[in-house]
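> Mind folding the following:
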Amino acid sequence: MAEIRLTQFAAGGGCACKLPAGQLEEVVAGLVGQSHPDLLVGLDAGDDACAVRIEGGANGHGTAVISTADFFTPMIDSAYDWGRIAAANALSDVYAMGGRPVLAINLVGWPVDKLPNEVLTEVLRGGLDIGREAGCPVAGGHSITSPEPIYGMAVTGVADPGRLLRNDAAEPGLPISLTKPIGVGILNNRHKATGERFEEAVAAMTTLNAAASEAALAAGVRAATDVTGFGLLGHLHKMARASAITAVLDHDAVPIVAGAREGLRDGFVPGGSRRNLDWVRPHLRVDGPNVDEDDLVLLADAQTSGGLLVIGEIPGAPVIGETVAAREDGATIVAR
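Prediction:
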């Protein structure tokens with residue numbers, strides 16, 4: 001098993017293998033606007049998960065049930081760590097909505113003629129260990145044969161419907177915080193090409209966003225999302241657009257994982273990161289000479305299991321900008 005390089009069995013890896021944001025929005029454009037009395041969050045704002053209200057709850061307002069699914073091909077050669085990362089990434093959608101995960105099931109696609117059963121067992125063991133860390137049972141799931149290895153989870157969570165963290169709830173005049181460094185997409189791409197392992201990147205991707213979500217709720221935050229395959233710029237654009245505000249981003253304040261700038265310099269940029277920048281660029285304004293093209297590529301880097309992007313300030317998270325009133329030119333992000 002130590003000789004098997006999982007990343008060589010897939011064309012992409014991690015959240016960098018997601019459908020391009022522009023293409024995905026085109027696909028679902030005619031599917032928005034669903035009306036149901038209990039639907040609290042659906043497709044319309046491009047949020048992290050859907051949420052519905054169910055009966056019950058001590059406050060008389062019921063309970064919000066959050067549902068999400070996330071899966072991808074391997075971004076790291078270690079089967080166990082891939083399982084951990086994929087599980088943390090799937091659980092993150094619940095945390096990004098201000099919820100608590102209560103149940104997860106595995107989603108598996110496996111090239112049965114190419115990879116032994118023992119490798120899949122290690123993947124599932126990694127997911128199970130992250131579930132235990134989150135206090136969320138991982139019970140069963142579904143598997144198919146597939147030309148590429150695929151793993152992820154469908155996760156159910158619960159939340160207070162009056163305290164959901166949403167994409168469309170950002171207001172002007174607030175700080176913007178980020179709870180994990182960016183740049184893991186570049187390092188994952190380097191790992192795929194060279195086999196080099198980057199422990200800081202693995203640690204970031206396997207860190208649950210549970211504490212960050214709890215801190216955001218305690219601080220009275222109303223708007224948040226997690227930073228994954230569309231990059232910091234992409235997810236910030238979606239939030240600013242849905243909330244009808246503009247985000248001013250201080251690029252020097254954005255935390256960068258160790259080795260990412262060197263990986264950028266050496267050309268290990270995922271195609272998904274460049275597509276992210278192309279998608280956001282029409283809505284982006286650069287203010288001043290201190291932001292160059294390399295900075296923008298890094299800000300657009302496709303993340304896997306990234307941190308929470310919070311409209312507000314929470315302990316321990318760097319402030320990377322502020323929200324302002326929507327600009328007349330329609331720009332959703334100003335980078336300076």
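> So what's the residue count around the closest residue in space to Arg327 that isn't next to it in sequence?
Sequence neighbours aside, Thr246 is the residue nearest to Arg327 in space, at 4.9 Å (criterion: C-beta to C-beta, 6 or more residues apart in numbering). C-beta coordinates here come from the backbone N, C-alpha and C atoms, glycine included. By other C-beta atoms under 10 Å, the residues close to Thr246 number 23.
> And Thr246, how far from Ile176?
11 Å (C-beta to C-beta, to the nearest Å).
> Thought Ala212 was touching Gly98, still the case?
No: look at Gly98 against Ala212 with C-beta atoms under 8 Å: they stay out of range, at 10.7 Å.
> residues shared between the contacts of the two?
Residues touching both Gly98 and Ala212 (C-beta atoms under 8 Å, 6 or more residues apart in numbering): none.
> quick one: the nearest residue to Glu148 once chain neighbours are set aside and Pro74, what's the gap?
Ranked by C-beta to C-beta, 6+ apart and with sequence neighbours excluded, the top spatial neighbour of Glu148 is Ala10, at 4.5 Å. The spacing between Ala10 and Pro74, counted by C-beta to C-beta, is 6 Å.
> So which of these two has more stuff around it?
More crowded of Ala10 and Pro74, by other C-beta under 10 Å: Pro74, with 30 against 20.
> which residues of the stretch 151-300 of the chain fall in strands?
In the stretch 151-300 of the chain, the segments counted as strands under DSSP state E, counting those that start in this stretch are 175-178, 224-226, 245-249, 284-286.
> and Glu322, how many neighbours?
Glu322 has 16 neighbouring residues, counting by other C-beta under 10 Å.
> Who is it paired with across the strands?
Bridge pairing for Glu322 (DSSP bridges) gives the partners Pro175, Val248.
> Surely it touches Glu171?
No: taking C-beta under 8 Å as the definition, Glu322 is not a contact partner of Glu171, at 11.2 Å.
> Identify the contacts common to Thr246 and Ile176.
Thr323.
> distance of Val297 from Thr7?
Relative to Thr7, Val297 is positioned 21 Å away (C-beta to C-beta).
> circling back: what sits in contact with each of Ala10 and Pro74?
Pro149.
> Helices along the stretch 201-336 of the chain, start to end?
210-218, 231-243, 260-265, 271-280, 293-299 (DSSP state H, counting those that start in this stretch).
> CSV for those helices, including distance to Ser78, mean neighbour count and mean pLDDT?
Shown next, in CSV, are those (distance: least, C-beta to C-beta, whole Å; neighbours: other C-beta atoms under 10 Å; pLDDT from 0 to 100):
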stretch, distance to Ser78, mean neighbour count, mean pLDDT
helix 210-218, 23, 20, 97
helix 231-243, 24, 26, 96
helix 260-265, 19, 18, 97
helix 271-280, 21, 22, 94
helix 293-299, 25, 18, 97
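> So Leu115 lies in a helix, does it not?
No: applying DSSP: H, G, I helix; E, B strand; the rest coil, one finds Leu115 to be coil, outside a helix.
> so how far is Gly109 from it?
Noted for Leu115: a distance of 11 Å to Gly109, by C-beta to C-beta.
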